[in-house]
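Peer 1: sequence and predicted structure below; questions after.
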Amino acid sequence: AQSVTQLDSQVPVFEEAPVELRCNYSSSVSVYLFWYVQYPNQGLQLLLKYLSGSTLVKGINGFEAEFNKSQTSFHLRKPSVHISDTAEYFCAVSEVPRQLTFGSGTQLTVLP
Amino acid sequence: DARVTQTPRHKVTEMGQEVTMRCQPILGHNTVFWYRQTMMQGLELLAYFRNRAPLDDSGMPKDRFSAEMPDATLATLKIQPSEPRDSAVYFCASGETGIEQFFGPGTRLTVL
C-alpha cells in the first residue's frame, strides 16, 4: 500500500532564504507525486506534479521538486522564500489514478 | 475562472442533528472526492465518485455518513445523526483526467 511521510511538521525560515520540504513515499509500483499548498481557511491548491519524464518538476510560485526513485523521495524546494509563502504544504502520492494519499503536512513559516 | 464550490462554508449544529454538505464540481469533471481534515488525523479520503457512481467509500463511517451524486453538478455528503467527533473541515475535490484534483474551499463543521 502507498504511504507518504513528511519528515518535518514545522519549518521556520527567514525571508529570502532557501527552503526544502522533505517528502518520502513507499509504494510497490510506479507512482504519481504531487505537492499541494493550503493557505489559512482555504482549500488545497496544486503546486506541482510528477507523472513521468523529467525528474525535476517546476511548479507555480517559484517552487520545484525532484523525483528520486532510488531514494523514494520528492522533496520540494524554493531558492528564495517570501512572507506570502507561509502556508501548509502537503505531499501526496497516487498508485492508481484518482486516489491520492496525503502526508501529514509541513507548516512553512517565513519570518521577516 | 472555474472552481469547485461548497456550501455552507460554516455550519454549527447540535449533536444528533442531520447535516448536509453540498459540492458543485467543475463543469466537465467526471471524478468527485470527499475529504475530511482534522488536526489529529490530517486529510482523510472519505469517498469518491466517477461518472456519478460511487467507487470507494471505505473511508466513511457507514452507520452515519452517506454520499451521493444526484446529478453531475451536485455531490452531497450527509451525516445523520451528527456527533461532536465529526467536527472537522470537509473538502470536496473534482478532477477531469483522474490525476489532478481541484479542491473546494471546504465546509467547517462544528458539532456541539
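Peer 2: Here it is on my side, so go on.

Peer 1: which residue of chain A sits farthest from its center?
Peer 2: Distance from the C-alpha centroid of chain A, by CA atoms, centre = their mean, peaks at A:P112 (22.8 Å).

Peer 1: identify the residues contacting that one.
Peer 2: A:F14, A:E15, A:I83 (CB atoms under 8 Å, 6 or more residues apart in numbering or on different chains). C-beta coordinates here come from the backbone N, C-alpha and C atoms, glycine included.

Peer 1: quick one: which of those has the most company?
Peer 2: Counting by other CB atoms under 10 Å in any protein chain shown, A:E15 has the largest number of neighbours within these, with 14 neighbours.

Peer 1: kindly state the pLDDT recorded for it?
Peer 2: We have a pLDDT of 97 for A:E15.

Peer 1: is it true that it touches A:V110?
Peer 2: Yes. Taking contacts as CB atoms under 8 Å, A:E15 lies within contact range of A:V110: 5.5 Å.

Peer 1: what touches both of these two?
Peer 2: A:V81, A:H82, A:I83.

Peer 1: beta partners of the residue nearest the centre of chain A?
Peer 2: Chain A has A:W35 as the residue nearest its centroid, 3.7 Å off, counting by CA atoms, centre = their mean. When bridges are called by DSSP bridges, A:W35 pairs up with A:L48, A:C91.

Peer 1: now do the contacts for it.
Peer 2: A:21, A:23, A:46-49, A:59, A:63, A:65, A:74, A:76, A:89-92.

Peer 1: for PyMOL, what selects the buried ones among those residues?
Peer 2: Burial among the contacts of A:W35 is assessed by 16 or more other CB atoms under 10 Å in any protein chain shown; the matching PyMOL selection reads:
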select buried, chain A and resi 21+23+46+47+48+49+59+63+65+74+76+89+90+91+92
